[in-house]
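Trainee: give me the fold of what follows.
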Amino acid sequence: MSVPVALSVAGSDSGGGAGIQADLKTFEAHGVYGASVLTVITAQNTRGVQAVHTLSPALVAAQLRSVLDDFPVAAVKTGALGSPGVIRAVAQALRGTRLPLIVDPVMLAKSGDALLEPEALDVLIHDLLPLATLVTPNVPEWAALRAAGAPEHLPLLLKGGHAPGDTVTDELRAGSHQFTLAAPRQKTRHTHGTGCTLSAAITANLARGRALPDAVRAAHGYLQAALRHAPGLGAGHGPLGHRAAAAAGQTAER
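Mentor: Model prediction:
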């Protein structure tokens, strides 16, 4: 039996809590083989981002060709893309593949450090978002996208973690699939990589053949378990418990 393959096109977090590292941990927890294309390299820990280097569009395009030419990729997600040129390279490589694509429009790290150049937002909206099966912004990211001219009726999972209150509500708006997912707000500082982990879990479930609504529901449950089982590392926004969440049974059946 072949193993499902998912591809993450995202930045590297040297602290291991977000970006490519969180995506690969999440894929593995779901029984999915993870391939990766690096776009941005950060010097980063739970306290913040100390340095950022965006890779060249040519190198990103070469990585994409290398993976897509050899692996039976079943679903793709994007995270931090950095520059307009990188976004164009990613869109060009994925256009015509018809692969399920989850776009996590990462603009800021948890610490507030910028991971997307301001002039890249327009390219993201016009080149990449039209290819998306689902876009997964948080409330500030969605406000920035709308202000920059993004269509209102994108297939959307609007994440509610930034909204006030004791309940966190995510809202799926994707064609005929319209529902909300609510969970008690977990009182923890260990929230680094929540958006990456959620979008990666959706991608993994799509790679396993689940329909979009089921993939979103399963990913939501996995994220709640990963928050509950955080390992307690770092002095700032700590990483999630990706492996512990899998052990708790919050992934797809294998």
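Trainee: tell me the buried residues in the least confident helix or strand in the chain by mean pLDDT?
Mentor: Lowest on mean pLDDT, DSSP states H and E among the helices and strands of the chain sits helix 242-247, with a mean of 84. Within helix 242-247, the residues scored as buried using 16 or more other C-beta atoms under 10 Å are 242, 244-246. For the C-beta atoms, the positions are set from N, CA and C on the backbone; glycine is no exception.
Trainee: pull the CA atoms of it into PDB?
Mentor: This file holds the C-alpha atoms of helix 242-247, laid out as PDB (Å, rounded to 0.1, in the frame of the first residue of the first chain):
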ATOM      1  CA  HIS A 242       2.300  17.300  17.600                       C
ATOM      2  CA  ARG A 243       3.300  13.700  18.500                       C
ATOM      3  CA  ALA A 244       1.400  13.600  21.700                       C
ATOM      4  CA  ALA A 245      -1.800  14.700  19.900                       C
ATOM      5  CA  ALA A 246      -1.400  11.800  17.600                       C
ATOM      6  CA  ALA A 247      -0.900   9.400  20.500                       C
END
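Trainee: that helix - contacts with which helices or strands?
Mentor: Counting contacts by 3 or more C-beta pairs under 8 Å, 6 or more residues apart in numbering; DSSP states H and E, helix 242-247 packs against helix 19-29, helix 212-228.
Trainee: element containing Leu157, please.
Mentor: Secondary structure from DSSP states H and E places Leu157 in strand 156-158.
Trainee: and the contacts of that strand?
Mentor: Contacts with strand 156-158, where a contact means C-beta atoms under 8 Å, 6 or more residues apart in numbering, come from 134-139, 142, 170-174, 202, 216.
Trainee: with stretch 63-77 instead?
Mentor: 2, 4-10, 23, 33, 35-38, 89-90, 93-94, 97, 99-104, 199-200, 202-204, 206-209.
Trainee: can you pull out the low-pLDDT segments for the stretch 151-254 of the chain?
Mentor: Residue ranges of the stretch 151-254 of the chain with pLDDT under 70: 250-254.
Trainee: now with 90?
Mentor: Along the stretch 151-254 of the chain, segments meeting pLDDT under 90 span 160-166, 168, 187, 243-254.
Trainee: and Ala75, how far is that from Thr97?
Mentor: 11 Å (C-beta to C-beta, to the nearest Å).
Trainee: the two: which is more packed in?
Mentor: Ala75 (26 against 13; other C-beta atoms under 10 Å).
Trainee: that one bridge partners, please.
Mentor: Taking DSSP bridges as the rule, Ala75 bridges to Ala6.
Trainee: state the pLDDT value of it.
Mentor: For Ala75, the pLDDT comes out at 98.
Trainee: one more: Ser12?
Mentor: At Ser12, pLDDT is 97.
Trainee: that one falls within a helix, correct?
Mentor: No - counting by DSSP: H, G, I helix; E, B strand; the rest coil, Ser12 is not found in a helix; it is strand.
Trainee: does it really touch Leu24, like I thought?
Mentor: No - if you go by C-beta atoms under 8 Å, Ser12 and Leu24 don't touch, sitting 10.6 Å apart.
Trainee: and the contacts of stretch 63-77, which are buried?
Mentor: Buried, going by 16+ other C-beta under 10 Å: 4-10, 23, 33, 35-38, 89-90, 93-94, 99-104, 199-200, 202-204, 206-208, out of the contacts of stretch 63-77.
Trainee: filter these down to just the ones in strands.
Mentor: 5-10, 33, 35-38, 101-103 (DSSP state E).
Trainee: need those in JSON lines (columns: distance to Gln186).
Mentor: Shown next, in JSON lines, are those (distance: C-beta to C-beta, whole Å):
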{"residue": "Val5", "distance to Gln186": "31"}
{"residue": "Ala6", "distance to Gln186": "26"}
{"residue": "Leu7", "distance to Gln186": "30"}
{"residue": "Ser8", "distance to Gln186": "25"}
{"residue": "Val9", "distance to Gln186": "29"}
{"residue": "Ala10", "distance to Gln186": "24"}
{"residue": "Tyr33", "distance to Gln186": "30"}
{"residue": "Ala35", "distance to Gln186": "31"}
{"residue": "Ser36", "distance to Gln186": "28"}
{"residue": "Val37", "distance to Gln186": "31"}
{"residue": "Leu38", "distance to Gln186": "30"}
{"residue": "Leu101", "distance to Gln186": "29"}
{"residue": "Ile102", "distance to Gln186": "23"}
{"residue": "Val103", "distance to Gln186": "26"}
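Trainee: that concludes my questions; thank you for your assistance.
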